[in-house]
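Participant: Structure of the sequence below:
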Amino acid sequence: MRYFKSGLKCDFNGLNPNIITPNTAVNEFKLFYENKRLVSAECLKLHDIQHLSGECKTFAEKEEQLNDSNTAGQQEAL
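Facilitator: Next comes the predicted model:
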């Protein structure tokens, strides 16, 4: 995620990409190339759990984010 944020200047649609998500979240990016070189990325999905169903989705929505216990500011460090 750091490379997408700093190297490719991906803005993540205002969301925090540095969260460590519980369970099985999906990230999806659109990558842009120029002369066979990766130049930028667009975040389409970040920590998405829509692919889960029933109990799994409910459990994932209620589960504490691993970074929630960090003190303020620590999770933003790159």
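Participant: Check which strands are paired with the helix or strand hosting A41 and give the direction for each one.
Facilitator: Secondary structure from DSSP states H and E places A41 in strand 37-48. Looking at strand 37-48 with DSSP bridges, its partner strands are strand 26-34 (antiparallel).
Participant: Now do the buried residues in the partner strand.
Facilitator: F29 (16 or more other CB atoms under 10 Å). In short, each C-beta sits where N, CA and C put it, glycine included.
Participant: go on, stretch 53-62?
Facilitator: Going by 16+ other CB under 10 Å, stretch 53-62 has these buried residues: A60.
Participant: pLDDT of that stretch, averaged?
Facilitator: This predicted structure assigns stretch 53-62 an average pLDDT of 84.
Participant: Look through the chain and tell me its longest helix.
Facilitator: Under DSSP state H, the helix in the chain containing the largest number of residues is helix 54-62.
Participant: Can you mark which positions in the strand holding A41 are buried?
Facilitator: Residues of strand 37-48 classed as buried by neighbour count (16+ other CB under 10 Å): A41, C43, L46, H47.
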